[in-house]
Structures are given as structure tokens and as C-alpha cells.
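Colleague: sequence and predicted structure below; questions after.
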Amino acid sequence: MNTTIKAPKVKVSAKSLLESSAFNNVSVWLLLYNGKEAGKIIWSIGAGGQWKCSVIVHHGAGIAAFGAPERNAEDLHLTSFVIGSAGGGGYDKRSASFADCLDRNGIITPISLGGRGTGAVQDYLISLGFQVFTAL
């Protein structure tokens, strides 16, 4: 017996998607290094308002710019997926979760980025030679 189920037609516009709460809880930056795709940074809000940050770097493109210690350099040669998080209140959790990503990988920055805002994160990435594009 062959059963076909027809799904209801739903009209969804790009505008309504971008205005949805799901998109308000996610930010994505695309990274280029020396004109090549180097990776992305994805922020999302989890349970209880805790921000999660995922840094994905492709095939070592620009990874040396992060100043990864030698013990991590080989680990990061292929696609690296690092997650950081930040919760609580009274500071910028997106920049704190990004700083947590770097801390978990042993990467030391010349300035403290945690809680300083995404502008500080963007300035840091640009100082390393990355081009940063907001995708969402």
C-alpha cells in the first residue's frame, strides 16, 4: 500500500525568517585570510541566556595568525571546531564566549577580549589579517 501525505503549504518570506526569534539568537561572521575562506564564528544563545561561540577554521588558513601554540598547531591544521561559552550578566557574553574559545585552545591574546564587546573581537581579528563579514 502506497500512502502519500500532503504537507500544508506555508508561505514564509525571507523577511519573516530574519525577524523570527531564532535568528535574533544567532550571529555568524565569515572569515577570509589572504583572500581565501578561512572559517567562521557562530554565536547562539542557549538555555538560560548563556551564549555559545563556535570558531571553525578551515585547513590551517590563517591559524598561524591566531598564534596557536606548537602543541595545538597540528591539531588545528585540519578543520578546527572549538566551542566556548559565557553566562551570567553585566558584561558582553558574545566576546566572553569568543575569548573562552581561544582560552580552551591555549591561544593568548595581547589584550583581554572577554566582555569587551564584539567590536573588540572584530578589531582583534582584523589586526591578525582576517577580513570579517557579518553573514547573519
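Modeller: Cool, got the structure.
Colleague: restricting to C-alpha, output the longest helix along the chain in PDB.
Modeller: In the chain, taking DSSP state H as the definition, the longest helix is helix 93-104. C-alpha atoms of helix 93-104 as PDB (Å, rounded to 0.1, in the frame of the first residue of the first chain):
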ATOM      1  CA  LYS A  93      28.700  37.500  26.600                       C
ATOM      2  CA  ARG A  94      29.500  37.100  22.900                       C
ATOM      3  CA  SER A  95      33.000  38.500  23.300                       C
ATOM      4  CA  ALA A  96      33.500  36.500  26.500                       C
ATOM      5  CA  SER A  97      32.400  33.300  24.800                       C
ATOM      6  CA  PHE A  98      34.900  34.000  21.900                       C
ATOM      7  CA  ALA A  99      37.700  34.600  24.500                       C
ATOM      8  CA  ASP A 100      36.700  31.300  26.100                       C
ATOM      9  CA  CYS A 101      37.200  29.500  22.700                       C
ATOM     10  CA  LEU A 102      40.700  30.900  22.500                       C
ATOM     11  CA  ASP A 103      41.500  30.100  26.100                       C
ATOM     12  CA  ARG A 104      40.400  26.500  25.600                       C
END
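Colleague: for the following helix or strand past it, packing partners?
Modeller: Next along the chain after helix 93-104, taking DSSP states H and E as the criterion, comes helix 118-127. For helix 118-127, the packing partners by 3 or more Cβ pairs under 8 Å, 6 or more residues apart in numbering; DSSP states H and E come out as strand 26-33, helix 93-104, strand 130-134. Bear in mind the C-beta positions are built from the backbone N, C-alpha and C, glycine included.
Colleague: out of the ones you listed, which is closest to Gly87?
Modeller: helix 93-104 (6.9 Å; Cβ to Cβ).
Colleague: so for the closest one, what gets flagged as buried?
Modeller: Residues of helix 93-104 classed as buried: 93-102 (neighbour count, 16 or more other Cβ atoms under 10 Å).
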